[in-house]
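Student: give me the fold of what follows.
(chains A, B, C and D)
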There are 2 protein chains.
Amino acid sequence: MRRPTIADIARRAGVSSAAVSFALNGRPGVSEPTRQRILAAADALGWQPNTAARALSAQRAGAVGLVVARPARTLGVEPFFMQLISGIQAALSERANALLLHLVEDVEAEIGLYRRWWAERRVDGVLLVDPRTADPRPAALRALGMPALLAGGPDPAGILPGVWIDDARAMTRIVTHLRGLGHERIGHVSGPSGLLHTERRSAAFRAATRTSAGSRTGPAAVTTDFSDTEGARATRSLLSSPERPTAIVYDNDVMAVAGMSVARQSGLAVPTDVSIVAWEDSTLCRVTHPTLTTLSRDASGFGATAAERLLALIDGEPPGDVEFSVPELTIRESTAPPPA
Amino acid sequence: MRRPTIADIARRAGVSSAAVSFALNGRPGVSEPTRQRILAAADALGWQPNTAARALSAQRAGAVGLVVARPARTLGVEPFFMQLISGIQAALSERANALLLHLVEDVEAEIGLYRRWWAERRVDGVLLVDPRTADPRPAALRALGMPALLAGGPDPAGILPGVWIDDARAMTRIVTHLRGLGHERIGHVSGPSGLLHTERRSAAFRAATRTSAGSRTGPAAVTTDFSDTEGARATRSLLSSPERPTAIVYDNDVMAVAGMSVARQSGLAVPTDVSIVAWEDSTLCRVTHPTLTTLSRDASGFGATAAERLLALIDGEPPGDVEFSVPELTIRESTAPPPA
DNA sequence: CTGTTAGCGCCTTCAC
DNA sequence: GTGAAGGCGCTAACAG
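Tutor: Below you'll find the predicted structure:
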């Protein structure tokens, strides 16, 4: 049996298909009794709009895209992503939009995909994640004329509107906590320098650890590729420096765990000899001993906000940046006062 | 500037739009020189087919759906999922299909979404994951007449075709390895009993640990919800049982890590006093000390195979089950001969 | 207030 | 070989 169409409803209700369309979309043009009759008929038939037809007619795909240019391996370990997606969908579902997810190798492939999606009218807009310094994507998207929103930072190029979490204040919050415990030499194991949020955190770290006299109170920060291997290497480097830190802040959870192992192997106890803070809460941070003090973000809410903003953008509303809430610090067992 | 249409190409090449359609789809009806002229024109214009129009005309959405009914929290920690998605897309992209991903609360919501997607013609078919015992989904999908494929097991109801990884042989492989090291009392910390793959693993575990005399050689297996908390609890229970095992097999990585901590707190060394095997390799398994011996599956290849089968099903090819490769055992530091 | 009509962009039968 | 015409299902002008 064929799926019911508007024509079927029209026939059943004894009206024209235009009347049905009006009634279904709740707009003026039909009398109330007729509208009721039409709705009843549609309901009886179990009618649902055909996405393709609607998209063709409305010039709107009813879908937005999310492309991720990261190795799947890295993603799997980040609870942040799934939460983000979950939030994005909560917002999209409310407005009957779908999410197209695609994983690619690099930014070039990502741009290629945007080009294709836009030419095919497969999506109405896209959500960009992982903004980078010297990011080619905003300009490419502008050239395409494709609605897009940067989830993860304000666009330094000033091209795309963005939604972001305040990394700087989050970092300040962490450093304040450590300072409050009495730490003076704090280390930072950051992510790759090409990522914008990494840069923001590092800048904030430098600012927060600068003493009133103007000199820094800890060893230099170390950059990594976010992997456990580099997290371990960075930790070794910090712990063997002349100004050995009494606390270390890691830019993700995996590196924090790896770093904790290194500290222990070096004969240092956590948190007695060295305190550890991880950026991003996850199961991983709760199964270790000691459990980790972490920075917890509302990834889901962040995703929802980003999706809503994108939808508004697609609807032609004026673009605008939105700064999302500051993450909370969840204090667990890995942070304590420094050794006397 | 408007996006180019077939009519534009036709005008530019000086032919009818039907000729363009024939040329573009590589079917007879146009002379070779004309075809070339048309292709050149299309290329010059940067034409790409409009998905909505094509979908409407072809009665085919060019997209498949993947609904996941699990808390986002749980997913994030499973590298398996992202790898799976990555593989699915590799296969879909080749045939210009898109993937719609959606996370829901439970199986009822999942079925509701299938119903809507199908009524809206939003997707051409779906990939089901996490098959359960007494799973309502296959019957629901059959009632809808929606193409669907079970990724993760043969359908016990015999309704949907499936693609799966041989959990039984994988488990046998693990037990054989432990037996080879000399272990006789082996424990199993499994996932929730409602999941089919959990059931298969447990059954295989019971079969493999049964001695020739017919009695089992270890304590009873313990079921969990896959969380670190229950993994820890299960480990405590096993280690305090009268027949304390010298080796424990965990159904995921998070529980294995939690279990290792518990063992250590109980004063047992890993692997000297107790060996540990995790199901599913992940970063997590490599940042611990000792590093974990794990069962590594080709999630990406598995996803690609599943997607290909689904596409074939949508094309009307006869359904058929496919058993995917048996996972490899990656031997690391957490397994060793039992204490004498 | 209602109904007729003409597209949205693509594909495909059917005459030429 | 090629062109004209109609339909996929829905929406939006435009008359009635």
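Student: distance of A:L295 relative to A:F302?
Tutor: 13 Å (C-beta to C-beta, to the nearest Å). Placement of C-beta: from N, CA and C, glycine included.
Student: and if you look at A:L268?
Tutor: A:L268 is 35 Å from A:F302, where distance means C-beta to C-beta.
Student: neighbour count for the two, which is higher?
Tutor: With neighbours defined as other C-beta atoms under 10 Å in any protein chain shown, A:L268 and A:F302 compare such that A:F302 has more, 24 against 17.
Student: any idea what the nearest residue to the more buried one once chain neighbours are set aside is bridged to?
Tutor: By the measure of C-beta to C-beta, 6 or more residues apart in numbering or on different chains, the closest residue to A:F302 outside its immediate chain neighbours is A:F324, 5.2 Å from it. Taking DSSP bridges as the rule, A:F324 bridges to A:I165.
Student: so what's the residue count around A:F324?
Tutor: Neighbour count of A:F324, defined by other C-beta under 10 Å: 17.
Student: same question for the one 10 residues further on.
Tutor: Residues lying near A:S334 (other C-beta under 10 Å) number 24.
Student: so which helix or strand of chain A has the lowest pLDDT on average?
Tutor: Ranking every helix and strand in chain A by mean pLDDT, DSSP states H and E puts helix A:72-76 at the bottom, with a mean of 62.
Student: buried stuff in whatever helix or strand comes next after that helix?
Tutor: From helix A:72-76 onward toward the C-terminus, using DSSP states H and E, the following helix or strand is helix A:79-94. By neighbour count on 16 or more other C-beta atoms under 10 Å in any protein chain shown, the buried set for helix A:79-94 is A:79-93.
Student: near DNA strand D, which residues of chain A show up?
Tutor: Contact residues of chain A with respect to DNA strand D, defined by C-beta under 7 Å from any atom of the strand, are listed as A:2-3, A:5-7, A:17-18, A:20-21, A:24-25, A:47, A:49-50, A:53-54, A:56-58.
Student: quick one, helices of the stretch 201-340 of chain A?
Tutor: Secondary structure of the stretch 201-340 of chain A, counting by DSSP state H, counting those that start in this stretch: helices at A:228-239, A:253-265, A:283-287, A:299-314.
Student: B:A134 is nearest to which of those helices?
Tutor: For those, the distance to B:A134 is smallest for helix A:283-287, at 28.4 Å, taking C-beta to C-beta.
Student: where does pLDDT dip in the stretch 1-150 of chain A?
Tutor: Counting by pLDDT under 70, the low-confidence segments of the stretch 1-150 of chain A come to A:1, A:72-78.
Student: how about the residues of it near DNA strand C?
Tutor: Taking C-beta under 7 Å from any atom of the strand as the criterion, the contact residues of the stretch 1-150 of chain A with DNA strand C come out as A:14-19, A:28-31, A:34, A:53, A:56-57, A:59.
Student: show me those that map onto helices.
Tutor: Secondary structure assignment by DSSP state H places A:S17, A:A18, A:A19, A:T34, A:A53, A:L56, A:S57 of those in helices.
Student: buried subset of those residues as a PyMOL selection?
Tutor: What follows is the PyMOL syntax for the buried subset of these, where burial is set by 16+ other C-beta under 10 Å:
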select buried, chain A and resi 19+34+53+56
